[in-house]
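Colleague: Below is the structure, and that's it, no one-letter string:
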């Protein structure tokens, strides 16, 4: 899909490294219009057409434009490295969920989503073959439950250790324990031994609900005319675009944010 304007990305001969392209795509990931402009200009150079950051950006654009056929084609025809798997897996699953919901005219429940995942398994291009649960490894889920049964208040050091072992972030690990404790507190009066037995057993549907609370990505609606609003209002009006591009070329360059900017305005 060709963007309507190249105002921000003049067609020049600038050559970016893979790392710089990845940095720029990440910086623009919340502004689909600008991401589309960058991708379109970058694709003018043949050597970038199989760049995984560009392919992932194309998949991102296809997902937000609800062009699911193109999304599936990109994912199924290119083998992606592990660093891109989680995001692309979520695009794949959510796209199939959205199509099913549109066809049925209603939201999918946990069982409906489970059936969709069985009907449309993750392609091997974005999956290492291990059974997953809402994009989380079964081994990770088991390890979290086992640790919770021993100590449901892990220290910061233990959280970092768990994050490394489960291939999750420290924030995701912290959220999992917090949500698990909240669920158990909601069952006041239950025998603690029963709680721990239930945690150890850990049905898939229970973990699915828990994981959604912890780390599911909420995607913003997309407008086909590229009038896409960034998920951080005012971000690009506060940050100088040329400085951002300079940062991608030279990471030591500083990117200025006006002193009037605050957490609330972001």
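Modeller: Okay, I see it. Keep in mind that what you see is a predicted model, and the values were worked out from it rather than measured.

Colleague: Now do the same for residue 175: its pLDDT.
Modeller: The model reports residue 175 with a pLDDT of 82.

Colleague: which SS class is it?
Modeller: With DSSP: H, G, I helix; E, B strand; the rest coil as the basis, residue 175 sits in helix.

Colleague: Counting neighbours, what do you get for it?
Modeller: By the criterion of other C-beta atoms under 10 Å, residue 175 has 17 neighbours. For glycine as for every other residue, the C-beta is placed from the backbone atoms N, C-alpha and C.

Colleague: Sketch out the helices for the protein, chain order is fine.
Modeller: Taking DSSP state H as the criterion, the chain contains helices spanning 18-27, 32-42, 52-64, 68-76, 85-104, 110-119, 138-150, 156-166, 170-186, 192-201, 204-215, 235-238, 241-249.

Colleague: Mind putting those helices into a markdown table with distance to residue 126?
Modeller: Formatted as a markdown table, these follow (distance: least, C-beta to C-beta, whole Å):
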| stretch | distance to residue 126 |
| --- | --- |
| helix 18-27 | 17 |
| helix 32-42 | 19 |
| helix 52-64 | 10 |
| helix 68-76 | 6 |
| helix 85-104 | 4 |
| helix 110-119 | 14 |
| helix 138-150 | 17 |
| helix 156-166 | 19 |
| helix 170-186 | 19 |
| helix 192-201 | 30 |
| helix 204-215 | 18 |
| helix 235-238 | 28 |
| helix 241-249 | 25 |
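
Colleague: Lowest average pLDDT across these?
Modeller: Looking at the helices of the chain, the weakest mean confidence is helix 235-238, a mean of 38.

Colleague: Of the helices of the chain, which is nearest residue 127?
Modeller: The closest of the helices of the chain to residue 127 is helix 85-104. By C-beta to C-beta, the value is 6.7 Å.

Colleague: For the closest one, buried residues please.
Modeller: Neighbour-count burial for helix 85-104, counted by 16 or more other C-beta atoms under 10 Å, picks out 85-97, 100.

Colleague: ok, the residues you listed vs residue 156, which is closest?
Modeller: Distance ranking of the buried residues of helix 85-104 against residue 156, using C-beta to C-beta, places residue 86 first at 23.4 Å.

Colleague: And the closest one, how far from residue 92?
Modeller: Distance, residue 86 to residue 92, using C-beta to C-beta, to the nearest Å: 11 Å.

Colleague: follow-up on the earlier one: wait, which of the helices of the chain is closest to residue 125?
Modeller: helix 68-76 (6.0 Å).

Colleague: by contact count, what packs against that closest one?
Modeller: The contact analysis (3 or more C-beta pairs under 8 Å, 6 or more residues apart in numbering; DSSP states H and E) places helix 68-76 against helix 52-64, helix 85-104.

Colleague: Mind checking these for the one nearest to residue 115?
Modeller: helix 85-104 (8.7 Å).

Colleague: Let me see the domain layout of the protein.
Modeller: 18-126, 136-215, 232-266 (automatic domain parsing).

Colleague: circling back: nearest to residue 178, of the helices and strands packed on helix 68-76?
Modeller: Smallest distance to residue 178 across those (C-beta to C-beta): 20.7 Å, for helix 85-104.

Colleague: Counting by contacts, list what the closest one packs against.
Modeller: Counting contacts by 3+ C-beta pairs under 8 Å, 6+ apart, helix 85-104 packs against helix 52-64, helix 68-76, helix 110-119.

Colleague: Can you add distance to residue 146 and give the ones you listed back as TSV?
Modeller: Below are the helices and strands packed on helix 85-104 laid out as TSV (distance: least, C-beta to C-beta, whole Å):
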stretch	distance to residue 146
helix 52-64	34
helix 68-76	33
helix 110-119	24
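
Colleague: Pick the most deeply packed of these.
Modeller: Per-stretch averages of neighbours, counted by mean count of other C-beta atoms under 10 Å, single out helix 52-64 among the helices and strands packed on helix 85-104, with a mean of 23.

Colleague: Just want the angle from that one to helix 18-27.
Modeller: Counting by axes from the mean of the first three to the mean of the last three C-alpha atoms, to 10 degrees, helix 52-64 lies at 20 degrees to helix 18-27.

Colleague: What helices and strands are in contact with helix 52-64?
Modeller: Looks like helix 52-64 contacts helix 18-27, helix 32-42, helix 68-76, helix 85-104 (3+ C-beta pairs under 8 Å, 6+ apart).
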